[in-house]
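**Q** Sequence unavailable; structure follows:
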């Protein structure tokens, strides 16, 4: 049996490819992969799912690496909200999203609009 294009495992594959592109400095390709993963996860799992939050977090990292700090902020905030509501405020994924937000605001405070 094969998995269809909209299966959550396919989203994981896209997300993994996005992480590899991001680590290679190919941020546009990384964003494309993470956006594909997000579309699948939204359709298959919905907005309020930890895997969807992980994708928002990955998008935030790619946007931050590309220098698009406002978009990164939006993605990290979305990830934090979903992780908090689905996993609780003390879960490691929630804490990671909170750290990403803090790092972004500490390293680029002037580029973040309040």
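**A** Yes, it's here. Not measured: the values here are computed from a predicted model. Numbering: from 1, shown residues only.
**Q** now the lowest-mean-pLDDT helix or strand in the chain, how far from the chain's geometric center?
**A** Taking mean pLDDT, DSSP states H and E as the measure, helix 92-107 is the helix or strand of the chain with the lowest mean score, a mean of 93. Taking Cα atoms, centre = their mean, to the nearest Å, the mean C-alpha location of helix 92-107 is offset from the chain mean by 12 Å.
**Q** What of stretch 69-76?
**A** Put simply, stretch 69-76 sits 10 Å off its chain's centre (Cα atoms, centre = their mean).
**Q** Now do that stretch, average pLDDT.
**A** For stretch 69-76, mean pLDDT rounds to 95.
**Q** Name the residues of that stretch that are buried.
**A** Neighbour-count burial for stretch 69-76, counted by 16 or more other Cβ atoms under 10 Å, picks out 69, 71, 72, 73, 75, 76. The way it works is simple: take the backbone N, C-alpha and C, and place the C-beta from them, glycine included.
**Q** Could you give me the buried positions within the least confident helix or strand of the chain?
**A** Across helix 92-107, burial judged by 16+ other Cβ under 10 Å covers 93, 94, 96, 97, 98, 100, 101, 104.
**Q** surely the first one meets residue 52?
**A** Meaning residue 93. No: with contacts counted by Cβ atoms under 8 Å, residue 93 stays clear of residue 52, the gap being 11.7 Å.
**Q** gap between stretch 31-39 and the chain center?
**A** Distance of stretch 31-39 from its chain centroid, counting by Cα atoms, centre = their mean, is 9 Å.
**Q** now swap in stretch 44-52 and tell me
**A** Relative to its parent chain, stretch 44-52 has a centroid offset of 12 Å by Cα atoms, centre = their mean.
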